[in-house]
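Undergrad: what would the 3D arrangement of this be:
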Amino acid sequence: MIYFNLNPLLNRRAEPLHIVCPHCHVTNRLPDERLADRPNCGKCKHPLFNALPVELAATHFDRMIQATDIPVVVDFWAPWCRPCHAMAPHFAAAAAALEPRVRFVKVNSDEAPGIAERFDIRSVPTLVLLMNGFETTRQPGASSREALIQWITRHIGPQ
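TA: As a prediction, the model looks like this:
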């Protein structure tokens with residue numbers, strides 16, 4: 001009888017990850033182990049991750065959340081909202097800490113009211129965590145960098 005050690009196979013994802021480029025919105029196929037290599041888009045050659053949240057318009061929202069295999073944290077915000085502006089640097093710092101294992105996205109709820117309505121956003125800022133295009137949890141109100149990282153890792157596990 002022949003025995004195989006399956007542990008290395010079980011720890012690796014068999015299929016490549018799908019990562020949507022924040023610049024040209026093309027889906028890239030990327031082996032999981034290449035995430036930490038600062039990969040570039042195969043089409044536009046821009047970095048797939050730059051440690052900053054992606055400002056996302058309504059036209060590209062569905063593509064980003066449905067075609068990306070990593071968790072996506074969406075910050076629904078508005079330009080007139082002072083807590084939104086206060087939290088923005090903390091959200092960017094959390095992106096710098098957790099990318100490329102998590103995609104951080106900002107959606108202006110005034111410019112994308114249909115998306116805000118679809119997610120039943122009643123107040124801003126509101127954070128929504130999506131996995132495989134589906135909402136897993138949400139958190140209303142502004143948070144610090146540490147609180148954001150703790151909230152995200154509690155729901156997706158340590159990265």
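Undergrad: please name the bridge partners of Phe76.
TA: Note on Phe76: beta-bridge partners by DSSP bridges are Val107, Thr126.
Undergrad: what about it, how many neighbours?
TA: Using other C-beta atoms under 10 Å, Phe76 is surrounded by 25 other residues. C-beta coordinates here come from the backbone N, C-alpha and C atoms, glycine included.
Undergrad: is it in contact with Arg118, as I believe?
TA: No: at 10.8 Å, Phe76 does not count as touching Arg118 under the criterion of C-beta atoms under 8 Å.
Undergrad: which elements pack onto the longest helix belonging to the chain?
TA: Looking across the chain with DSSP state H, the single longest helix is helix 82-98. Secondary-structure packing of helix 82-98 (3 or more C-beta pairs under 8 Å, 6 or more residues apart in numbering; DSSP states H and E): strand 72-77, strand 103-108, helix 145-156.
Undergrad: send me the last one as PDB with only the CA atoms.
TA: Below are the C-alpha coordinates for helix 145-156, written out as PDB (Å, rounded to 0.1, in the frame of the first residue of the first chain):
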ATOM      1  CA  ARG A 145      -7.200  51.300  13.200                       C
ATOM      2  CA  GLU A 146      -6.900  48.700  16.000                       C
ATOM      3  CA  ALA A 147     -10.600  48.200  16.400                       C
ATOM      4  CA  LEU A 148     -11.000  47.800  12.600                       C
ATOM      5  CA  ILE A 149      -8.200  45.200  12.400                       C
ATOM      6  CA  GLN A 150      -9.700  43.400  15.400                       C
ATOM      7  CA  TRP A 151     -13.200  43.400  13.900                       C
ATOM      8  CA  ILE A 152     -12.000  42.100  10.600                       C
ATOM      9  CA  THR A 153      -9.700  39.400  11.900                       C
ATOM     10  CA  ARG A 154     -12.400  38.200  14.300                       C
ATOM     11  CA  HIS A 155     -14.700  37.500  11.300                       C
ATOM     12  CA  ILE A 156     -12.200  36.200   8.800                       C
END
